[in-house]
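**Student:** Need a 3D model of the sequence below.
(2 chains)
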Number of protein chains: 2
Amino acid sequence: MQITNFNQLIEKARMSNARKLVIALADDEYVLKAVKEAVTYKIVIPIFIGNKLKINNICKKIEFNITGFEIIDISDQAVASEMAVKLIYSNQADILMKGFVPTATLIRNVLKQEHSLLKSKIISHLTLAQLPSYHKFIAVSDVAINIKPDVNEKAIIIENAVNALLKIGYINPKVALICPVEKENLKIESTIHAIELKKMFLEGHIKNCIVDGPLALDNALSKEAAFHKNIDSEVAGDADLLIVPNLDAGNILYKSIVYLAGGIIAAIVVGAKVPIVLTSRSDSELSKLYSIALAVCLLDKD
Amino acid sequence: MQITNFNQLIEKARMSNARKLVIALADDEYVLKAVKEAVTYKIVIPIFIGNKLKINNICKKIEFNITGFEIIDISDQAVASEMAVKLIYSNQADILMKGFVPTATLIRNVLKQEHSLLKSKIISHLTLAQLPSYHKFIAVSDVAINIKPDVNEKAIIIENAVNALLKIGYINPKVALICPVEKENLKIESTIHAIELKKMFLEGHIKNCIVDGPLALDNALSKEAAFHKNIDSEVAGDADLLIVPNLDAGNILYKSIVYLAGGIIAAIVVGAKVPIVLTSRSDSELSKLYSIALAVCLLDKD
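**Tutor:** Reported below is the predicted structural model:
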């Protein structure tokens, strides 16, 4: 069954066994509060990497009883990131979570050849958003990792995202290739990409979804707007997944969903051997919990 | 006094004398409904260009009494656009409005050397948005005309927008240079532009405003998000004007303001001899009225 809101996602995560979540630098109150929530729902068993003393102190402060959970006492960001990745690489943990380390440090270790977690050709970021103004989830990719993906990278970004959506119950998700206009314009690279990606879909190179574009954001989300522009598309007004032109555009969409449209999001990295939870300090508690729950659900059919 | 919502904008427009609004191809119900509203508020006197018979029929249908207003009987899109521009060029009209002609056709005529309306070095699009989730207007530029402006073009886009804001009462508007990250990243061109624009501002080349960036959208709009990232900026959390990286990003922001965040917008073209009202079919009635009102207010101090 296709889930349509975060309560359903949490319920789905609770139906699995608790998964081992390794946190690269857990000695941060924001991170530990999120993990505490996930532990309360019994969806994860944490393995903390970080300064043991600090972790114990923070957990005491936030009333998080961590008796019985493993703490690996490492304070250095790079060393902690490498250890976390190695635990995943050697199958001693199921989900990787970024704690108080820079994203770049963690990702560098994820991609390091000796213990690479790369499964797809590239990793990509996937956001799942629940909004008062849309009738179901909107998934968006990539708003955080790939800066200026070319057309082949965009095809993989679609594949990574669609694979994730299939795992949480979607069937043939509707993928909108977002551009500023609905027609090819040789001066606007995103429209050229959209035309090529649509062709790749029609020729069977992109599977398990319905791809359409170029579509402007209004036409992807509103049947009425699409009608005004005489756009006849199965995806228009009912998109499940928005593929953005580039990081500049994606990041603005992601932030406007949260800061202007009252949306709440879950965000993870896909295309690696396991889902990677990449929350940032400014994300809300709930958002972090949902990101962990999403990661748990993605492991379900593996 | 700085206006903060569209009711105030309408009031301000009503304090001026009614301005002559020339419409390039007025024979369209959507366009005529908008003009009818503006006439009701007595902020414009329309000069219709278009198929006279059709205009009369539509006006009858929508109960718009146009007795006494001029109709220039031209049915061709290009000829109508040229005539409208010539009326502005020869000071026979005050405001240009796009009717049922393609934007490109109108703009081509606006820029034609023989009767060019260009006043600044480039024209640019300015959106003024009123949102339930922000404490005042957000202005955004450029979300519709300039595809990939370079740093000098962005400086002019700022100047065009700031000049418009000053005319509606802003003093030293706060300008945020929106990027996906808050630091320079040589792989992300928008951050390089932001660093250079900030420098141009500090050296006095960009005036009458406060410029800061790179700022991610969350930091521009939310003091809390800026605090989480340790960003100390007068603009953060209180931006008046958002300068977007490129058309891909700007168009997504514009559409998400309207279709996800419940915003209502006014949109015009600035940098020309007169303001140009550029509404599209899918814009709401109110949005079209506010765009005309904004154009009227911009003429105020000319």
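
**Student:** phi, psi of the residue lying closest to residue A:244 once chain neighbours are set aside?
**Tutor:** Take residue A:244 and drop its neighbours on the chain: the residue closest to it by Cβ to Cβ, 6 or more residues apart in numbering or on different chains is residue A:250, 3.7 Å away. For the C-beta atoms, the positions are set from N, CA and C on the backbone; glycine is no exception. Residue A:250 has phi and psi values of phi -60, psi -40 when expressed as degrees, to the nearest 10.

**Student:** chain center to the top helix by length along chain A: distance?
**Tutor:** For chain A, the helix with the greatest residue count under DSSP state H is helix A:151-167. Averaging C-alpha positions (Cα atoms, centre = their mean, to the nearest Å) puts helix A:151-167 11 Å from its chain's average.

**Student:** And for stretch A:19-30?
**Tutor:** 17 Å.

**Student:** go on, stretch A:225-242?
**Tutor:** In terms of Cα atoms, centre = their mean, the centre of stretch A:225-242 is set 24 Å apart from its chain centre.

**Student:** now do stretch A:289-299
**Tutor:** 9 Å.

**Student:** cool, stretch A:263-273 as well?
**Tutor:** 1 Å.

**Student:** returning to what we had before: could you measure from the residue nearest to residue A:244 over to residue B:272?
**Tutor:** Spatial separation of residue A:250 from residue B:272 under the definition Cβ to Cβ, to the nearest Å is 32 Å.

**Student:** and these two? which has more neighbours close in?
**Tutor:** Neighbours of residue A:250 and residue B:272, each counted by other Cβ atoms under 10 Å in any protein chain shown, are more numerous for residue A:250; the result is 29 against 23.

**Student:** Test my guess that the more buried one contacts residue A:142.
**Tutor:** Yes. At 6.0 Å, residue A:250 counts as touching residue A:142 under the criterion of Cβ atoms under 8 Å.

**Student:** between these two, what contacts are shared?
**Tutor:** residue A:244 (Cβ atoms under 8 Å, 6 or more residues apart in numbering or on different chains).

**Student:** So which residues on the stretch 101-250 of chain A come close to chain B?
**Tutor:** Contacts of the stretch 101-250 of chain A with chain B, taken as Cβ under 8 Å from any Cβ of the partner chain, map to A:131, A:133-134, A:143-144, A:147-148, A:178-181, A:187-188, A:190, A:216-218, A:221-222, A:224-225, A:228-229, A:244-250.

**Student:** State the distance from residue A:146 to chain B.
**Tutor:** Using Cβ to the nearest Cβ, to the nearest Å, residue A:146 is found at 11 Å from chain B.

**Student:** does that residue really touch residue A:160, like I thought?
**Tutor:** No. At 10.3 Å, residue A:146 does not count as touching residue A:160 under the criterion of Cβ under 8 Å.

**Student:** Can you check which residues contact both of the two?
**Tutor:** In contact with both residue A:146 and residue A:160: A:122, A:124, using Cβ under 8 Å, 6+ apart.

**Student:** So which other helices or strands are in contact with the one helix or strand in chain A whose mean pLDDT sits lowest?
**Tutor:** Ranking every helix and strand in chain A by mean pLDDT, DSSP states H and E puts helix A:223-228 at the bottom, with a mean of 87. Counting contacts by 3 or more Cβ pairs under 8 Å, 6 or more residues apart in numbering or on different chains; DSSP states H and E, helix A:223-228 packs against helix A:217-221.

**Student:** For the helix it packs on, buried residues please.
**Tutor:** A:217, A:218, A:219, A:220, A:221 (16 or more other Cβ atoms under 10 Å in any protein chain shown).

**Student:** where along chain A do the strands fall?
**Tutor:** Ranges of strands within chain A are A:19-24, A:44-50, A:70-73, A:95-98, A:124-130, A:138-141, A:174-178, A:210-215, A:241-243, A:264-270, A:276-277, based on DSSP state E.

**Student:** what mean pLDDT does the last one have?
**Tutor:** Meaning strand A:276-277. For strand A:276-277, mean pLDDT is 96.

**Student:** And the spatially closest residue to residue A:122 that is not a sequence neighbour, how close does it get to chain B?
**Tutor:** Spatial nearest neighbour of residue A:122, chain neighbours left out: residue A:156 (5.4 Å); criterion: Cβ to Cβ, 6+ apart. In this view, residue A:156 and chain B are 19 Å apart by Cβ to the nearest Cβ.

**Student:** Surely residue A:156 and residue A:118 touch.
**Tutor:** No. At 11.1 Å, residue A:156 does not count as touching residue A:118 under the criterion of Cβ under 8 Å.

**Student:** Would you state the helices of chain A in chain order?
**Tutor:** Residue ranges of the helices in chain A, as given by DSSP H, are A:6-15, A:29-40, A:52-61, A:77-89, A:103-111, A:151-167, A:189-202, A:217-221, A:223-228, A:247-259, A:285-299.

**Student:** most packed of these?
**Tutor:** With neighbours defined as mean count of other Cβ atoms under 10 Å in any protein chain shown, the helices of chain A peak in mean count at helix A:217-221, which reaches a mean of 28.

**Student:** what is the rounded mean pLDDT of that one?
**Tutor:** Averaging pLDDT along helix A:217-221 yields 96.

**Student:** which residues sit in contact with the closest residue in space to residue A:225 that isn't next to it in sequence?
**Tutor:** The shortest distance from residue A:225 to any residue other than its chain neighbours is 3.9 Å, reached at residue A:218 (Cβ to Cβ, 6+ apart). For residue A:218, the contacting residues are A:225, A:226, B:255, B:258, B:259, B:282, by Cβ under 8 Å, 6+ apart.
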